[in-house]
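# can't give you the sequence, but here's the structure:
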């Protein structure tokens, strides 16, 4: 049977319940709870599809009773360009790509390793900072990979993560950052690719739209501080003569366990 938790005044079913121990998420298939002064054993249900978003790297143990996994990865967004003496305006960072693979065979109890792209560092003068990749490995075998967007160190916007560089059954490209213009405007960050489409390229100082659950690119507004890309995978807005570029957003792994 499922476990029930009360959050925000509402009872919600958790099936099966999960707990993080030693940095690894594990499904709880049984336990004990005290009700009415009596300790009673409970069992988590298995077999019903469960979808979980993973936002940090680490090992995950396949829950007992599951034999397949639908996986989606979104790569990290790149940082927008930062002001240098030679370039008063900068382009936005590219959005992360996405990759999807259904029905990957798994065995309950086996360990998979997750690599989730973290938020990018800020770009530094003439050094572009690209987005990190997001992947799932089984031992030395890479099951799926989504690459991050490209950074920029000049007025040209960074390219979005390329679908061709990803590993997976269905792959989408991230949107490109907009280039800084001669009138002093810096470019917005590119949107991240998602579950069904490519990320949107930044049209101007505004960030490009992300395809859910991919996030939009960061906005570059006049002389204000450039905005970071939005989760998940949005590229950072470009910097100008008075501000640094925004950081690229972190990536995501979404796994649906089923039979």
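The structure has been received and is ready for your questions. What you are looking at is a predicted structure, and each value in this text was computed from that prediction instead of being measured.

# Pull up the gap between the residue of the chain most remote from its centre and residue 211, please.
In terms of distance from the mean C-alpha position of the chain, residue 37 ranks first, at 44.8 Å (Cα atoms, centre = their mean). Going from residue 37 to residue 211 by Cβ to Cβ, to the nearest Å gives 53 Å. Where C-beta positions appear, they are placed from N, C-alpha and C, glycine not excepted.

# just residue 134 next, same as before
Separation of residue 134 from residue 211 (Cβ to Cβ) stands at 15 Å.

# quick one, which of these two is more surrounded?
residue 134 (34 against 24; other Cβ atoms under 10 Å).

# ok now do the nearest residue to the more buried one once chain neighbours are set aside, which residues does it touch?
Of all residues not flanking residue 134 in the chain, residue 251 sits nearest, at 3.8 Å (Cβ to Cβ, 6 or more residues apart in numbering). By Cβ atoms under 8 Å, 6 or more residues apart in numbering, the contact set of residue 251 is 73-76, 96, 116-118, 131-134, 146, 148, 232-233.

# for residue 118, same thing?
Residue 118 makes contacts with 57, 76, 132, 250-251, as judged by Cβ under 8 Å, 6+ apart.

# Who wins on neighbours among the residues you listed?
Counting neighbours by other Cβ under 10 Å, residue 76 leads these with 38 neighbours.

# how close does it sit to residue 180?
Counting by Cβ to Cβ, the gap from residue 76 to residue 180 is 22 Å.

# still on that earlier bit, farthest pair within the contacts of residue 118?
In the contacts of residue 118, two members sit farther apart than any others by Cβ to Cβ. They are 57 and 76, at 11.7 Å.

# For whatever helix or strand residue 52 lives in, which strands pair with it and how are they oriented?
Per DSSP states H and E, residue 52 falls inside strand 50-54. The pairing partners recorded for strand 50-54 under DSSP bridges are strand 252-258 (antiparallel).

# tell me which residues of the strand it pairs with are tucked away?
Neighbour counts using 16 or more other Cβ atoms under 10 Å place 252-255, 257-258 of strand 252-258 among the buried residues.

# Return the member of those nearest to residue 238.
Taking Cβ to Cβ as the measure, residue 252 is the one of the buried residues of strand 252-258 closest to residue 238, at 23.8 Å.

# Was I right to think that closest one contacts residue 57?
No. Residue 252 is beyond contact range of residue 57, at 11.7 Å (criterion: Cβ atoms under 8 Å).

# hey, what's in contact with both of those two?
Common contact partners of residue 252 and residue 57 (Cβ under 8 Å, 6+ apart): residue 116.

# For residue 100, give the beta-bridge partners.
residue 72, residue 170.

# Count the neighbours of it for me.
Per other Cβ under 10 Å, the neighbour tally for residue 100 reads 22.
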